[in-house]
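Peer 1: just need the structure, nothing else, for what follows:
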Amino acid sequence: SMDMAYSKALKIIKNAEQALGFSLTTRTTGGKDGGGSVLTFEGKAWLQKYDNYKTACNEVNQKLIREHFPKVGCVIMASGMSKRFGSNKLMADFNDAPMILQALKATEHLFSQRIVVTRHKEVAKFCEDYGVKVLLHNLPYRSDTIHLGLEALDDLDACMFLASDQPLIRKETIFSLIQTWESAREYIVRPTCDGIPGSPVLFPSWAFSELLTLPEGKGGNFVIQKHLDQVKNITISNPYELTDADTPEVLNTLKKQIAHQE
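Peer 2: Sure thing, here's the model as predicted:
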């Protein structure tokens with residue numbers, strides 16, 4: 001079944017027997033019954049030990065993989081109705097592209113899974129065309145977006161929830177949040193500026209059950225307030241990074257900030 005020459009297989013077995021110090025097989029030569037080989041008692045016992053060893057190695061290896069390469073997901077929250085903006089702000093122009101693109105770029109290649117949760121067909125199409133998984137829904141509350149996004153991602157150690165209307169959020173900040181969590185995995189991690197907390201927020205898996213059972217209309221802050229002793233803050237210097245573009249005036253301010261930085 002291995003498509004191996006008999007002579008080569010026999011040589012491998014003989015080398016193994018010499019290294020182990022006992023016979024692995026009992027061999028009989030050909031004849032009317034064709035001959036063959038069967039495992040010795042010692043060979044069967046050694047093979048069982050090897051199988052047990054291999055299983056133990058795989059279990060330890062899986063644990064090490066999860067320890068050093070944890071599975072962190074990202075839910076990009078894009079379900080807002082933009083009432084103060086006057087139109088769909090996520091499709092508003094920012095650097096010659098829809099604003100939602102900034103969230104897609106900032107989260108690229110940092111997560112084992114990510115998904116955009118949105119009510120807006122034009123946002124869904126743009127994200128799908130960009131190659132990002134999308135969940136399109138028509139449920140009314142922020143808690144619905146959190147439930148749907150978290151349920152759509154599998155087997156995570158932590159999950160970040162990112163508001164898609166913060167066009168100045170930097171990839172470096174998101175990476176820093178992930179690194180902070182990796183060094184203290186029992187903590188919720190969030191950014192702050194001048195002592196004021198903001199988003200995105202990274203939740204460890206122990207918080208998932210509470211996020212999935214949020215009261216109607218509540219967001220992640222409802223869980224944070226219950227576990228303030230298990231929150232780590234990272235400080236950022238630019239307040240514009242955490243600013244939501246809720247109105248055209250704020251969006252123009254953020255555009256000017258980009259021009260100033262450049």
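
Peer 1: now residue 232: which helix or strand?
Peer 2: strand 231-235 (DSSP states H and E).

Peer 1: how about residue 96?
Peer 2: Per DSSP H and E, there is no helix or strand for residue 96.

Peer 1: circling back: just checking, what packs against the strand holding residue 232?
Peer 2: If you count contacts as 3 or more CB pairs under 8 Å, 6 or more residues apart in numbering; DSSP states H and E, strand 231-235 packs onto helix 171-183, strand 188-193. (Each C-beta comes from the backbone N, C-alpha and C, glycine too.)

Peer 1: can you pull out the helices in the chain?
Peer 2: Counting by DSSP state H, one finds helices in the chain at the ranges 6-20, 41-68, 100-106, 121-130, 142-152, 171-183, 208-211, 220-226, 248-261.

Peer 1: helices and strands around the shortest one, which ones?
Peer 2: Here helix 208-211 touches helix 142-152, helix 220-226, going by 3+ CB pairs under 8 Å, 6+ apart.

Peer 1: now for the longest one, which elements pack on it?
Peer 2: Applying 3+ CB pairs under 8 Å, 6+ apart, one finds that helix 142-152 contacts strand 72-78, strand 113-118, strand 134-136, strand 158-163, helix 208-211.

Peer 1: reformat these into CSV and put mean pLDDT next to each item.
Peer 2: What follows is the helices and strands packed on helix 142-152, written out as CSV (pLDDT from 0 to 100):
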stretch, mean pLDDT
strand 72-78, 97
strand 113-118, 97
strand 134-136, 97
strand 158-163, 97
helix 208-211, 97
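
Peer 1: close enough to count as contact, residue 47 and residue 25?
Peer 2: No - with contact defined as CB atoms under 8 Å, residue 47 does not reach residue 25; the gap is 10.9 Å.

Peer 1: so between those two, which is more surrounded?
Peer 2: residue 25 (16 against 12; other CB atoms under 10 Å).

Peer 1: against residue 88, how distant is the residue nearest to that one when sequence neighbours are not counted?
Peer 2: Excluding the flanking residues, the one nearest residue 25 by CB to CB, 6 or more residues apart in numbering is residue 37, at 4.3 Å. Per CB to CB, to the nearest Å, residue 37 is found 73 Å from residue 88.
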